[in-house]
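K.L.:
Please work out how this folds:
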Amino acid sequence: MTEIILVRHGETEWNASEIFRGQADVDLNATGVRQAELLGEYLSGEKIDHIYSSPLKRAVKTAEAIAERQKTGVNIVENLIDFDCGEWQGLTVEEVKERDDVLYQDWLDTPEQMRIPGGETLEDVLNRAMPFVVGSVMKCREGTIALVSHRVVLKVLICALLKLDNSHFWDIRIDNGAITRFAYDGNHAVLTSHNDISYLKEIQCRKPNDF
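P.N.:
Coordinates of the predicted model:
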């Protein structure tokens, strides 16, 4: 079995302001930098064989904080890039609602059926991300891999590993800096922990953000 450690990147100003990020290359804010530092410390006692990251800065810098403690490098993987949210990129939730509150409600009610104008579907994300996960597990075999990515990508992967369809997208919470772990053999996955932000207690001055 391979242990998969799924990591959501640290906070950005767009997370804190509830702005849709999509594939915009938004950097970590000061809180996100500290989250990444604490994450690296938290995982430093474990041996991680391979670290993979989305190419966006917020994920790469989070992955580098892990890699520094592991004395290894970060493998950049396009398959793990954030959800393309098309015309919503750079807009706040309130701005999206003002544009089309019906479409936004569809996103909340039936995300598995939604294509944001100009963007991807959750199925598109699944089709690019899950084959990479399976391939990386087959390569690693009995080791541990860390995948640093984004809220939408990680929720889709968690659903797939649990053999749930994307209609369960909103049944999963994953905060900035959170860690979710699976034991996985390429066919069967066992969830061993989820949304672990216990190591962030020192900087939790506000409610954790699942946006």
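K.L.:
now the helices for the protein?
P.N.:
13-16, 30-43, 57-70, 93-99, 101-109, 122-140, 151-161 (DSSP state H).
K.L.:
Adding distance to residue 185 as columns, could you present the ones you listed in TSV?
P.N.:
In this view, the C-beta of every residue, glycine as well, is placed from N, C-alpha and C. Conversion of those to TSV gives the following (distance: least, C-beta to C-beta, whole Å):
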stretch	distance to residue 185
helix 13-16	34
helix 30-43	22
helix 57-70	23
helix 93-99	39
helix 101-109	34
helix 122-140	7
helix 151-161	11
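K.L.:
Put together a markdown table for those, with distance to residue 190 and mean pLDDT on each row.
P.N.:
Formatted as a markdown table, those follow (distance: least, C-beta to C-beta, whole Å; pLDDT from 0 to 100):
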| stretch | distance to residue 190 | mean pLDDT |
| --- | --- | --- |
| helix 13-16 | 29 | 95 |
| helix 30-43 | 20 | 96 |
| helix 57-70 | 22 | 97 |
| helix 93-99 | 35 | 96 |
| helix 101-109 | 30 | 96 |
| helix 122-140 | 13 | 95 |
| helix 151-161 | 9 | 98 |
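K.L.:
can you tell which of those is closest to residue 79?
P.N.:
Closest approach to residue 79 among the helices of the chain (C-beta to C-beta): helix 122-140, 4.0 Å.
K.L.:
tell me which residues of the closest one are tucked away?
P.N.:
Residues of helix 122-140 classed as buried by neighbour count (16 or more other C-beta atoms under 10 Å): 122, 125-126, 128-130, 132-133, 136-137, 140.
K.L.:
repeat for stretch 138-154
P.N.:
Going by neighbour count (16+ other C-beta under 10 Å), the buried part of stretch 138-154 is 140, 144-154.
K.L.:
again with stretch 24-36
P.N.:
For stretch 24-36, a neighbour-count test (16+ other C-beta under 10 Å) marks 26, 28-29, 31-36 as buried.
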